[in-house]
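here is my input; please provide its structure:
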Amino acid sequence: LGSKAQELDNKHHIVDKTKKAGSTVYSKAKEMDEKHHIVDKTKSAASKTMNAAVDFNKKHNITGKTASALSKGMDSVSKRLSKSNPPQGA
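Next up, the predicted model:
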């Protein structure tokens, strides 16, 4: 820490207060999770969301359609560039 920062910390105990606040927040979060199983519920919701997205993609072939559209778009750009820049020295 710089000398001014060190002086402020010595006077106001900022570092210690910050550590204590962080520890309190962590303890409360851990207590809430133990009581309400927040982490487990969040993991479960994320897993269900991912499974639903995978099922939706399988049903509607979103990935395949997107890849096909991108490929067609790139082919179109390539053809237009080829027409506007014919090979030199042919």
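
on the three-state scheme, Phe56 is what?
In three-state terms, and counting by DSSP: H, G, I helix; E, B strand; the rest coil, Phe56 is helix.

what sits against it?
Ile62 (CB atoms under 8 Å, 6 or more residues apart in numbering). (C-beta placed from N, C-alpha, C; glycine too.)

quick one: it from Ser47, how far?
Distance of Phe56 to Ser47, given as CB to CB, to the nearest Å: 15 Å.

how about Lys79?
Counting by CB to CB, the gap from Lys79 to Ser47 is 44 Å.

quick one: low-confidence ranges for the chain?
1, 87, 89-90 (pLDDT under 70).

give me the three-state assignment for Pro86.
Applying three-state DSSP: Pro86 is coil.

how about the contacts made by it?
Contacts of Pro86 by CB under 8 Å, 6+ apart: none found.

any figure for the gap between it and Lys48?
Applying CB to CB to Pro86 and Lys48 gives a distance of 55 Å.

same question for Lys4.
52 Å.

again, but for His12
47 Å.

Ser23 now?
Where Lys48 is concerned, Ser23 sits at a distance of 33 Å (CB to CB).
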